[in-house]
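In: kindly return the folded structure for what I paste below:
(one chain, ligands or ions: 1)
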Amino acid sequence: MHRALILAMALVALAIPLAATAVPTAIQPVVIQITVVNGKVIGGIKRPSVKKGRIVRFVIRTNAGTEVHLHGYDIEKTPKKGTPTVIQFVAKVSGRFELELHHPDALLVQLTVRP
Ligand SMILES: [Cu+2]
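Out: Presented below is the predicted three-dimensional model:
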């Protein structure tokens, strides 16, 4: 009985690191980093493409603007000084969607969700 317990604990110890590495790619977010200075996207407007069902995470750093807005999915966030704005969602709807900064208005990302 004691031996069985030790064996069970050893199996659990083995299973933990295996489970940690075996995360399916579908549940890992697609991370899109955007840096905006005075309404201009550093490196230009981004045009990522993801498969429907994926988790998308926008990480936006901006020194200006009162709102970050993902059209279509209609998600809005207010940027705070010194902290990146994070918008995370499941790309359930296929199509092309624009992520915009408002006041000043600027197109940041054109996201394509493939069916
Ligand atoms: Cu908008």
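In: around the ion, which positions in this structure sit nearby?
Out: Residues of the chain lying close to the ion by C-beta under 5 Å from the ion are 69, 100. Every C-beta, even on glycine, is put in place using the N, C-alpha and C of the backbone.
In: can you name the residue of the chain nearest the ion?
Out: H69 (3.4 Å; C-beta to the ion).
In: scan the helices and strands of the chain for the one with the lowest mean pLDDT.
Out: helix 2-21 (a mean of 61; mean pLDDT, DSSP states H and E).
In: about what we covered before: and the residue of the chain closest to the ion, how many neighbours?
Out: 18 (other C-beta atoms under 10 Å).
In: for it, list the residues it contacts.
Out: For H69, the contacting residues are 75-76, 99-102, by C-beta atoms under 8 Å, 6 or more residues apart in numbering.
In: let's see 7 Å
Out: 76, 100, 102 (C-beta atoms under 7 Å, 6 or more residues apart in numbering).
In: equivalent analysis for Q88, please.
Out: By C-beta under 7 Å, 6+ apart, the residues touching Q88 are 29, 55-57.
In: for Q110, list each beta-bridge partner.
Out: E98 (DSSP bridges).
In: thought it was touching E98?
Out: Yes: counting by C-beta atoms under 7 Å, E98 is a contact partner of Q110 at 5.7 Å.
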